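K.L.:
kindly return the folded structure for what I paste below:
(2 chains)
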Amino acid sequence: MTLGRTLWCIILIKLFIMFAVLRVFFFPAYLQGDDQEKQQRVSDELTERIAP
Amino acid sequence: MEPIDSSLVDWSRAQFALTAMYHWLFVPLTLGLGVVMAIMETLYVRTGREFWKRTARFWMKLFGINFAMGVATGIILEFEFGTNWSNYSWFVGDIFGAPLAIEGILAFFMESTFIAVMYFGWNKVSKRAHLASTWLTIIGATISAWWILVANAWMQHPVGMEFNPDTVRNEMVDFAAVAFSPVAVVKFCHTVTSSWVLGAVFVVGVSCWYLLRGRHREFALGSIRVAAWFGLAASLLTAHTGHLSGRDIALYQPMKLAAAEGLYEGGTEQGLVLGGILRPGADWVGGNGDDRFLLKVELPYALSYLATHDLQGYVPGIRNLLEGDYRLPDGSVALSAEEMMKRGRVAIDALARYRAASPPEEKAAALAVLRENFPWFGYGYLKSPGELVPSVPLTFYSFRIMVMLGGYFIVLFAGLLLLGQRVTRWKLVQLAVVLTIPLAWLASQSGWVVAEVGRQPWAIQGLLPNVAAISRLDVSSVQTTFFIFLALFTLLLVAELGIMGKAIAAGPETDSTSN
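P.N.:
As a prediction, this is how the structure comes out:
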């Protein structure tokens, strides 16, 4: 295989792993819901983690 | 709500550090090697000598391998912002996201467009159009670096924003203040020039390998001449921008400077530690008066000059920064860590009251308290002042490794220029230069360790510590993904080294193979 083909193969495999495997299975959307729900979730997290 | 497990903070940091460090193996070579090959192609266009075309094409091939292996590895970092650092992403996404978006849309597209012309346009476009494409490729990559470093610099010195308690977001109010913050400008210059050094070390290293093997002598000498001049200029610029960076750190992140210098007790007329050995297990938080160095060699007054541009300038140490009560550059008196933590808790409590309250007067009262105490918001998450002290040994030794190697690179490039063609007779020098290649990465990574470990515990300086910035995930999930990324990136690195090694072993085109 020529160098160019090897590199294209690696790029495509890498992008497939990143976007089709890692993004889907290992990076779920952590903040769910609409903006209001997200705001409330982060607000609760930030205010309740206050040092005792 | 359950308190955050400290191991979750550690694993989240470790995962991000792993991803960033692997990503940074590829980036500086792209930035540095790109300029070297563009200079060589410029020589080809100016002189018309086919030799420079072949030379540029060879380094372009290695550039392409590195580019193909490294491209998009930074995307994982962006995914991690969303999953592992979701509080952070929401809290400052309006500011942090803007430079990243500009980087993606403007710089990356520019780079991607012209890289195609650069690789496939030989003999299809004019010499000058091809040269312009080569330069525009590397300028695009450098502009990408600009926006990423703007984002990073903002975390080190947050400016140009206002906190909106209704959305729980910091919103950008001054784009120019963010994009052209002095910290961003200096960070960009220091990072890019140090990447040029790395690229130059790579070129002289590979060229010396050919000399050692007795192959491609003319090619190696030509490459060494260009890269050594470029590397020397870049090394001197890196030293100068490093000095400017030190001044910024003294102004905006004095704890990082104190940790990098192992400075527990500050004062005036402070010397810069040229080299030293820290006492293992020394207590960097408690004030028991122990000598924290086993060995130390200092350059008198140099730290005061670096930090204040005054030989007699006052530089606070770790104890001073924790206890406060010293004069700041603006003339005010520094608060103690305890006081800042108290004000931070008041700010967080005011945010909670603001969001819970419904009568307008109660909301207004809470908002006034929040605004007054917001500069210390992040301190409210810290349980003890000691959390403000980063790992002193890691910061101290990384800083020395970076600076010493930076000095060595200056000597190396100057030596190669002095030797000129005589380098072909000095096998030991050739071997030393080959062995220097990994040291360039060591210096580059050490620089980032100083920048990022030295600013702990902050995700955003003074505003949000890691313990508040991370997502509430299972520690086991973060551990699992850490090892998956470790395996994937290692595989990618092994593949890069293999393909790069094969291309180097094949060597540049000769007269008969060129077209």
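
K.L.:
centroid residue for chain B?
P.N.:
Among the residues of chain B, the smallest C-alpha distance to the mean C-alpha position (CA atoms, centre = their mean) belongs to B:Trp448, namely 4.2 Å.

K.L.:
any idea how far B:Gln479 is from B:Asp10?
P.N.:
Taking CB to CB, to the nearest Å as the criterion, B:Asp10 is separated from B:Gln479 by 10 Å. No exception for glycine: its C-beta is placed from N, CA and C like everyone else's.

K.L.:
so what's the residue count around the residue nearest to the residue nearest to the centre of chain B when sequence neighbours are not counted?
P.N.:
With sequence-adjacent residues excluded and distances taken as CB to CB, 6 or more residues apart in numbering or on different chains, B:Trp448 is closest to B:Trp24, at 6.2 Å. Other residues near B:Trp24 come to 20 when the count uses other CB atoms under 10 Å in any protein chain shown.

K.L.:
next, give phi and psi for B:Ala506.
P.N.:
In terms of degrees, to the nearest 10, the main-chain angles of B:Ala506 are phi -70, psi -30.

K.L.:
please disregard the earlier target; I meant B:Asp474.
P.N.:
Comment: the main-chain dihedrals of B:Asp474 come out as phi -70, psi 140, following degrees, to the nearest 10.

K.L.:
kindly report the residues of the stretch 201-350 of chain B close to chain A.
P.N.:
Proximity of the stretch 201-350 of chain B to chain A is confined to B:Met341, B:Arg345, B:Ile348, B:Asp349 under the rule CB under 8 Å from any CB of the partner chain.

K.L.:
could you find the closest non-adjacent residue to residue 23?
P.N.:
As the question left the chain open, I've gone with chain A. In space, A:Arg23 comes closest to B:Phe79 once its chain neighbours are excluded; the distance is 6.2 Å by CB to CB, 6+ apart.

K.L.:
wrong chain, I was asking about chain B
P.N.:
Nearest residue to B:His23 in three dimensions, chain neighbours excluded: B:Thr73, at 4.6 Å (CB to CB, 6+ apart).

K.L.:
just to be sure, the one you found is in a helix?
P.N.:
No. With DSSP: H, G, I helix; E, B strand; the rest coil as the criterion, B:Thr73 is coil rather than part of a helix.

K.L.:
and the pLDDT for it?
P.N.:
Confidence per residue is given as pLDDT, and for B:Thr73 that number is 81.

K.L.:
check contacts around it.
P.N.:
Listed by CB atoms under 8 Å, 6 or more residues apart in numbering or on different chains, the contact set of B:Thr73 reads B:Thr19, B:Tyr22, B:His23, B:Phe26, B:Phe489, B:Leu492.

K.L.:
how much space separates A:Ile50 from B:Gly276?
P.N.:
Between A:Ile50 and B:Gly276 the computed distance is 39 Å (CB to CB).

K.L.:
just B:Ala352 next, same as before
P.N.:
When distance is defined by CB to CB, B:Ala352 is 46 Å away from B:Gly276.

K.L.:
what is the least confident helix or strand in chain A?
P.N.:
Evaluated with mean pLDDT, DSSP states H and E, the helix-and-strand set of chain A has its lowest mean pLDDT in helix A:3-16, which scores a mean of 86.

K.L.:
near chain B at all, that helix?
P.N.:
Yes. With CB under 8 Å from any CB as the threshold, helix A:3-16 lies in contact with chain B, specifically through A:Leu3, A:Thr6, A:Leu7, A:Trp8, A:Ile10, A:Ile11, A:Lys14, A:Leu15.

K.L.:
okay, buried residues for that helix please.
P.N.:
For helix A:3-16, the buried set under the neighbour-count rule, 16 or more other CB atoms under 10 Å in any protein chain shown, comprises A:Thr6, A:Leu7, A:Ile10, A:Lys14.

K.L.:
give me the distance from it to the chain's centre.
P.N.:
Its chain's C-alpha centre and that of helix A:3-16 lie 22 Å apart, by CA atoms, centre = their mean, to the nearest Å.

K.L.:
helices or strands up against it?
P.N.:
Where contact means 3 or more CB pairs under 8 Å, 6 or more residues apart in numbering or on different chains; DSSP states H and E, helix A:3-16 is packed against helix B:50-70, helix B:475-506.

K.L.:
distance of B:Leu272 from chain A?
P.N.:
35 Å (CB to the nearest CB, to the nearest Å).

K.L.:
contacting residues around A:Gln39?
P.N.:
Residues in contact with A:Gln39, defined by CB under 8 Å, 6+ apart, are B:Trp90, B:Asp166, B:Thr167, B:Val168, B:Arg169.

K.L.:
point out where the chain drops to low pLDDT.
P.N.:
Chain wasn't specified; assuming chain A. Segments of chain A classed as low confidence (criterion: pLDDT under 70) are A:1, A:28-30.

K.L.:
looking at chain B here, not the other one
P.N.:
B:287-289, B:511-515.

K.L.:
max-length helix in it?
P.N.:
Counting by DSSP state H, the longest helix found in chain B is helix B:6-47.

K.L.:
chain center to that one: distance?
P.N.:
10 Å.

K.L.:
before we move on, what about stretch B:463-479?
P.N.:
Taking CA atoms, centre = their mean, one finds the center of stretch B:463-479 at 22 Å from the center of the full chain.

K.L.:
swap in stretch B:426-437?
P.N.:
With CA atoms, centre = their mean, you get 27 Å for stretch B:426-437.

K.L.:
ok, so of the residues of helix A:3-16 next to chain B, who is nearest chain B?
P.N.:
The shortest separation between chain B and any of the residues of helix A:3-16 next to chain B is 4.0 Å, and it belongs to A:Leu7 (by CB to the nearest CB).

K.L.:
which non-adjacent residue is nearest that closest one?
P.N.:
If the residues on either side of it in the chain are set aside, A:Leu7 comes closest to B:Ala68, at 4.0 Å by CB to CB, 6+ apart.

K.L.:
tell me how many other residues crowd the one you found.
P.N.:
B:Ala68: 21 surrounding residues under other CB under 10 Å.

K.L.:
these two touch, right, it and A:Cys9?
P.N.:
No. At 9.8 Å, B:Ala68 and A:Cys9 do not qualify as touching, with contact defined as CB atoms under 8 Å.

K.L.:
returning to what we had before: winner for burial among the helices and strands packed on helix A:3-16?
P.N.:
Of the helices and strands packed on helix A:3-16, the one with the most neighbours on average (mean count of other CB atoms under 10 Å in any protein chain shown) is helix B:50-70, at a mean of 22.

K.L.:
next secondary structure element downstream of it?
P.N.:
Scanning forward in sequence from helix B:50-70, with DSSP states H and E defining helices and strands, the next element found is helix B:75-83.

K.L.:
buried sites along the helix or strand following that following helix?
P.N.:
Where DSSP H and E defines the elements, the next helix or strand beyond helix B:75-83 is helix B:86-102. Of the residues in helix B:86-102, B:86-93, B:95-96, B:98-100, B:102 count as buried by neighbour count, 16+ other CB under 10 Å.
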